[in-house]
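**Student:** I would like to see how this sequence folds:
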Amino acid sequence: MRVLHLIAAFCICSIILTAADNLFVGTWKLNTAKSKGTPGTMNKEATVVLETDGNAVKRTVTGIGAEGQKLDTSATIPWDGMEHKVNGPMGPAMVAVKSVNDRTINVTVKVNGKVVSSGRVVVSKDRKTMTTSFKGEDPKGRKFDNVEVFDRQ
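**Tutor:** Predicted coordinates:
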C-alpha cells in the first residue's frame, strides 16, 4: 500500500473524540474479503488499536502493507477539525479530523501543503464494523479510491 494512504488510514483512526462511549475505541482487524480499491494500494493485513489519551486518540497500526512492507505506526491527535502534524513513514504530514456525529469522522491529509488524501470513517450501527473510504494520490502520483472494512475484535 502506498505510504500516503497508510498515513491517511493511520491518522483517520488516530483522531477520535475522547468520550468514554467513543464508538471508535477498540481493536479493529482488516477484513480483506470485504475491502476493495485500486489494485496495488490495499494493505494485505492490518490491525488498528484506538485508545483515548486525554483529549486525543492514540492510533496504532500493525500489519503488512500492499507491497509486503511491515506496518508499525502510532500517532496521537485530537479530533477538533484542526490540522495536526503527524510523523509517518514518508515523513511529516498535516492531518485534520472532524467529527460529523458519534459514528462518523471526515479526514484530510496534506503533505507539503497539498491535499493528498481525504475520506470518511464510519462505525456501523451495531458497532461491529468500521469502514474507511479514501481517495487521493500516492507518492508516485497514482490515484487511489479505496474502501477498507475492519471488524471489531
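
**Student:** can you pull the buried residues of stretch 38-48?
**Tutor:** Judged by neighbour count (16 or more other Cβ atoms under 10 Å), stretch 38-48 contains these buried residues: 38, 41, 42, 43, 46, 48. Glycine gets a C-beta too; all of them are placed from N, C-alpha and C.

**Student:** helix/strand/coil for residue 141?
**Tutor:** coil (DSSP: H, G, I helix; E, B strand; the rest coil).

**Student:** number of nearby residues for it?
**Tutor:** 6 (other Cβ atoms under 10 Å).

**Student:** ok, the one 5 residues further on next?
**Tutor:** By other Cβ under 10 Å, 24 other residues sit near residue 146.

**Student:** tell me how far residue 131 lies from residue 35.
**Tutor:** Using Cβ to Cβ, to the nearest Å, one gets 9 Å for the distance from residue 131 to residue 35.

**Student:** intersection of neighbour lists for the two?
**Tutor:** 147, 148, 149 (Cβ atoms under 8 Å, 6 or more residues apart in numbering).

**Student:** secondary structure element for the last one, which one?
**Tutor:** Here residue 149 sits within strand 143-152, counting by DSSP states H and E.

**Student:** so which elements touch that strand?
**Tutor:** Helices and strands touching strand 143-152, by 3 or more Cβ pairs under 8 Å, 6 or more residues apart in numbering; DSSP states H and E, are helix 3-14, strand 26-30, strand 45-53, strand 129-137.

**Student:** try 7 Å this time
**Tutor:** helix 3-14, strand 26-30, strand 129-137 (3 or more Cβ pairs under 7 Å, 6 or more residues apart in numbering; DSSP states H and E).

**Student:** mean pLDDT lowest where, among the ones you listed?
**Tutor:** Note on the helices and strands packed on strand 143-152: helix 3-14 shows the lowest mean pLDDT, a mean of 52.

**Student:** ok, residue 73 touching residue 62?
**Tutor:** No. Residue 73 is beyond contact range of residue 62, at 8.2 Å (criterion: Cβ atoms under 7 Å).

**Student:** which of these two has more residues huddled nearby?
**Tutor:** Of the pair residue 73 and residue 62, residue 73 is the one with more neighbours under other Cβ under 10 Å, namely 21 against 14.
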